[in-house]
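Chemist: Quick check, what structure comes out for this input:
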Amino acid sequence: MYVSALGLNNFRSYSQADVEFSQGVTTLVGANGQGKTNIIEAIGYIALLDSHRVATDAPLVKFDTERATVRCRVVRDDRPTLIELEINPGRANRARINQSPVPRPREIVGILRTVLFAPEDLALVKGDPSERRRFLDELLVTRWPRLAAVRADYERVLKQRNALLKTAAQARRSGGKSPDVLHTLDVWDTHVATTGAELLAARLHILEELKPLVTHAYEVVSSGGGPASCSYVSNLGHEHELPHERAELIDVLLAAMADKRREELDRGVSLVGPHRDDVLLTLGQAPAKGYASHGESWSFALALRMASYELLRSEALADGEPVLILDDVFAELDVQRRTRLAELVAPAEQVLITAAVEADIPSMLSGDRLFVRSGQVSRDES
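Modeler: Below you'll find the predicted structure:
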C-alpha cells in the first residue's frame, strides 16, 4: 500500500497543491513553518478522519475560506483508489470514493492505513491518560475500521448519560425531584455498558498483541535499555483481573455503575467506563511517566509507534503494509537513535519523512526529495 498522489484545496496553508509520491522513502525538506507537516497531516486525516495536531476541523481549513478538500490516491495490490474528502467546519463533512459519494465520511476509514510518529507523541509518555487512550483507539480503528462506529457510539451515549446525570445532580442540589431519572438512567447504563464493553474488549485484545512488540522495539531503538512494558489499567481493575469477553465485560460494567450510582448522581458525571482508563508504561519497575529521562521518553514513544507498525504489517496481505510517516522526528534524536530508526524503517513499502535540515536524515534513507517553500512543493532544491 502506498500514497501515489495528494491534492489539497484550502487545506491549512495551501490554497492549492498537487503532490506526486512514489514507493520507498520520500523526504519533504523545508524550513519550519513552510507547510511540510500540513501535507502529512492531510494524509493522516484521510486515514483516520483525525488530526495528530488539533482536536477540531476548523484549523484545517485555510483562513477566510469555508471549506477544504483533500484528494488522495491510494494504490493497494496495484489497484488505485481515489479518496476525496470535503471538510466543512460546523457542518457535516462529505466524502467520495472513486468519485462516488458515500453515505458517511467514516466509510473511507480503512482504505488507507498509516502509522504516524511526530513530536507530539512525547505526550504518550509524559501526558495525560487521554493521550494513551487515543493512541490505543486510533490503532484499533486502523486495524479494524468498523470500530470507528463503536467508538463514536460510545462517545455519543456517554454524552447523553452525562447530560442526564448533570440534570439529576442539579435537581438534587436544589431539593427538587426527578422521578423518571432512575428509570432513564437504567436505559443509558445498558447503552454505555454494551458499547463500552466492545471497546474495552478490543483494547485489551490489541494491547496483549502489542506488548512484546513494544518491548522489542524499545530494546532496538534504545540500544538495550529498559525493559519496557505496557499494561492496561481500568477503573474496573487491572487487566489481569478483567474478563476479556464482551458479554462478561457488560456485566462487570453494569455492576460497577450500580455501585457508583450514588456518587455519580452527586457529582453529575459518569465515573465508570473505558473513557477513564489508562495504559501504564513502565521501564524496569518504575512508571515511565515522571521517571524516564527525555531520551528514554522519546525512545518509548518511538517504540509504541514502531510496535504499532509491526503489528499492522504482520497481518498485511493483499492490501500491503501501512504507510509509515515520520514528522520532524530525526531532529529530536541523537545520532545513534537516528541510525537505529533508519534501520527499522528502511525496508518499509512507503516512508514519508519531514525534515527542516536534510542532513538530519541518515544516508540509508536516500530516496525522493521534495522541497517545500511558502506553501509550494517542488523537486527543485533551488
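Chemist: contacts, neighbours, all on C-alpha from now
Modeler: Fine.
Chemist: residue closest to the middle of the chain?
Modeler: Glu138 (3.6 Å; Cα atoms, centre = their mean).
Chemist: Check which helices and strands whichever helix or strand Ser299 is part of sits against.
Modeler: Using DSSP states H and E, Ser299 maps to helix 294-314. Applying 3 or more Cα pairs under 8 Å, 6 or more residues apart in numbering; DSSP states H and E, we find helix 294-314 packed against strand 114-117, helix 123-126, helix 181-221.
Chemist: still on that earlier bit, so the helix or strand containing the residue nearest to the centre of the chain versus helix 181-221, what angle?
Modeler: Here Glu138, judged by DSSP H and E, is contained in helix 129-143. Angle of helix 129-143 versus helix 181-221, following axes from the mean of the first three to the mean of the last three Cα atoms, to 10 degrees, is 80 degrees.
Chemist: got the buried residues for helix 129-143?
Modeler: 129-133, 135-143 (16 or more other Cα atoms under 10 Å).
Chemist: One more: stretch 313-331?
Modeler: 313, 319-331.
Chemist: hey, which helix or strand in the protein has the poorest pLDDT?
Modeler: Of all helical and strand segments in the chain, the minimum by mean pLDDT, DSSP states H and E falls on strand 237-238, at a mean of 75.
Chemist: List of residues touching that strand?
Modeler: Outside strand 237-238, the residues that touch it by Cα atoms under 8 Å, 6 or more residues apart in numbering are Tyr232.
Chemist: Quickly run through the sheet partners of that strand, with directions.
Modeler: Using DSSP bridges, strand 237-238 pairs in its sheet with strand 228-234 (antiparallel).
Chemist: quick check: mean pLDDT across the strand it pairs with?
Modeler: Here strand 228-234 scores 94 as its mean pLDDT.
Chemist: Could you check the angle it makes with helix 294-314?
Modeler: Using the same axes, to 10 degrees: strand 228-234 against helix 294-314 is 80 degrees.
Chemist: ok so, going back, now the buried residues of helix 129-143 in TSV, with pLDDT and distance to Gly90?
Modeler: Formatted as TSV, the buried residues of helix 129-143 follow (pLDDT from 0 to 100; distance: Cα to Cα, whole Å):
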residue	pLDDT	distance to Gly90
Pro129	96	28
Ser130	95	24
Glu131	95	25
Arg132	97	27
Arg133	96	25
Phe135	96	25
Leu136	96	27
Asp137	96	24
Glu138	94	23
Leu139	95	27
Leu140	94	27
Val141	93	24
Thr142	92	25
Arg143	91	29
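Chemist: Which two among those residues are spaced furthest apart?
Modeler: Pro129 and Arg143 (21.4 Å; Cα to Cα).
Chemist: For this structure, which segments are assigned as helices?
Modeler: Per DSSP state H, the chain carries helices over the ranges 36-48, 123-126, 129-143, 147-173, 181-221, 246-267, 294-314, 335-345.
Chemist: how far does the last one sit from the chain's center?
Modeler: To tie it back to what came earlier, the one meant is helix 335-345. 23 Å (Cα atoms, centre = their mean, to the nearest Å).
Chemist: counting contacts, what elements does that helix pack onto?
Modeler: Checked by 3+ Cα pairs under 8 Å, 6+ apart, helix 335-345 has helix 181-221 packed alongside it.
Chemist: what do you get for the third one?
Modeler: Taking 3+ Cα pairs under 8 Å, 6+ apart as the contact definition, the neighbouring helices and strands of helix 129-143 are helix 36-48, helix 123-126, helix 147-173, helix 181-221, strand 278-283.
Chemist: So what touches it?
Modeler: So helix 129-143 is contacted by 47-48, 109-110, 113-114, 123-125, 147-148, 151, 202-203, 206-207, 275-279, 308, 312 (Cα under 8 Å, 6+ apart).
Chemist: Would you mind listing which of the residues you listed are buried?
Modeler: Using 16+ other Cα under 10 Å as the threshold, 47-48, 109-110, 113-114, 123-125, 147-148, 151, 202-203, 206-207, 275, 277-279, 308, 312 are the buried ones among those.
Chemist: For the stretch 251-382 of the chain, which residues score under the pLDDT cut-off?
Modeler: By pLDDT under 70, the weakly predicted segments of the stretch 251-382 of the chain are 316-319, 382.
Chemist: run the last query once more with 80
Modeler: Residue ranges of the stretch 251-382 of the chain with pLDDT under 80: 315-320, 380-382.
Chemist: The nearest residue to Phe21 once chain neighbours are set aside: what's it in contact with?
Modeler: Leaving aside its sequence neighbours, Phe21 sits nearest to Ser4 (Cα to Cα, 6 or more residues apart in numbering; 4.6 Å). Taking Cα under 8 Å, 6+ apart, we find Ser4 in contact with 20-23, 72-75.
Chemist: Let's see that with 7 Å instead.
Modeler: 20-22, 73-75 (Cα atoms under 7 Å, 6 or more residues apart in numbering).
Chemist: Distance of it relative to Val74?
Modeler: 6 Å (Cα to Cα, to the nearest Å).
Chemist: got it, and Thr27?
Modeler: 18 Å.
Chemist: Leu370 too?
Modeler: Taken as Cα to Cα, the span from Leu370 to Val74 is 19 Å.
Chemist: Check Asn98 too.
Modeler: Relative to Val74, and taking Cα to Cα, Asn98 is found at 11 Å.
Chemist: shared neighbours, those two?
Modeler: Common neighbours of Asn98 and Val74 (Cα under 7 Å, 6+ apart) are 81-82.
Chemist: for the closest residue to Leu210 other than its chain neighbours, what are its contacts?
Modeler: Take Leu210 and drop its neighbours on the chain: the residue closest to it by Cα to Cα, 6+ apart is Ala307, 6.4 Å away. With contact set as Cα under 7 Å, 6+ apart, Ala307 has these partners: 210, 213-214, 217.
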